[in-house]
Structures are given as structure tokens and as C-alpha cells.
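Peer 1: give me a model of this one.
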Amino acid sequence: MPEITWEEMKKFKELLDKEKEETELKIALDEIDTLSARVDEIITKNKSYGSVQALALAFSRLLHKDFKKHGTDILCFSWREIQSYLTEYCLHKKTHVKKSGIIEERVYLKQIFKSRLRERGIGSRVNFKYDTVCFNKVKPKKTIIND
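Peer 2: Below is the predicted model of the structure:
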């Protein structure tokens, strides 16, 4: 069995680290390319549909993929997490007075965004007590052609 010196071992580790950095860079660049393609797709839809409709279309497609992936008709998420993904076009703030008299500001889904999701076959319900939002499959309100 051949012996390896410390210098050779350091050189080998440096080469491994360099190779690892290069593969991570390739993966990051591929993710940036796919993300930019998705952003371009949303921008073109925004031009043809409108901002809320384009966001509802993209969001409904993601949810339908998740429904299919998990084989379920209902998906529940953290409401705070969903708020970070949705933009100001989809959300609105409203003050709410509790029974104890404390005034708090809540964030809701805009009605137009909810109706656009419902048109595409997705119902939504926010539960503020447990800080969750559930999306479920419903019968679409109207037939949508050329998605």
C-alpha cells in the first residue's frame, strides 16, 4: 500500500473542494436560469391577463401540481409562509377588533384573487386561530380555455 504525504493529502483536499464549488456553482446557475424562465412566463401572462389573474394562474398551476404529487384534494400551509410568497396584489390588510377590545391588523386574501383561484378549481380558507391556510379542489366556476 503506497504512503501519501501531507502535502499530497492537502492538494487532494483542495482539488475536492474546488470540484465541489464548481458543481455547486453549476447547480446555482441552472436554478437561476429556470427561475428567470418562470419569471418571464409570469411577466408575459401579466401583459395578457392582468396582474391578479396572472398570479392566480401561476399559483393555481403550482397547487394543482402539488395536489397531483401528493395524491390529495386538500393542502394546508402556514399562513405566514404563504404571505411571504404572495404579493400585495393578492393580499389586503384589515383591522379586526377582538372580543376583549384589542385591535389587531389581519392580512386577508383579496376577493378577486380568491375568485380567480375558484375559477380554476381551487378553494381557499384561512384559519387565523391556528395560523393556517387550506387550499382544496372544487368544481371550477367556469370553463377556462387555453391555459
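Peer 1: determine how far the host helix or strand of Glu7 lies from the middle of the whole chain.
Peer 2: Take DSSP states H and E as the rule and Glu7 turns out to sit in helix 6-48. Chain-centre distance of helix 6-48: 21 Å, with Cα atoms, centre = their mean, to the nearest Å.
Peer 1: next structured bit after that helix?
Peer 2: Reading on from helix 6-48 to the C-terminus, the next helix or strand found by DSSP H and E is helix 51-70.
Peer 1: report all helices and strands that the helix holding Glu7 contacts.
Peer 2: helix 51-70 (3 or more Cβ pairs under 8 Å, 6 or more residues apart in numbering; DSSP states H and E). C-beta coordinates here come from the backbone N, C-alpha and C atoms, glycine included.
Peer 1: tell me which residue lies nearest the centroid of the chain.
Peer 2: Taking Cα atoms, centre = their mean as the criterion, Tyr85 is the residue nearest the geometric centre of the chain, at 5.4 Å.
Peer 1: against Ser60, how distant is that one?
Peer 2: Note on Tyr85: its distance to Ser60, by Cβ to Cβ, to the nearest Å, is 13 Å.
Peer 1: which non-adjacent residue is nearest Phe128?
Peer 2: Among residues not flanking Phe128 along the chain, Arg106 sits closest, at 6.4 Å (Cβ to Cβ, 6 or more residues apart in numbering).
Peer 1: Three-state assignment for the one you found, please.
Peer 2: strand (DSSP: H, G, I helix; E, B strand; the rest coil).
Peer 1: could you give the mean pLDDT of the helix holding Glu7?
Peer 2: When pLDDT is averaged along helix 6-48, the result is 86.
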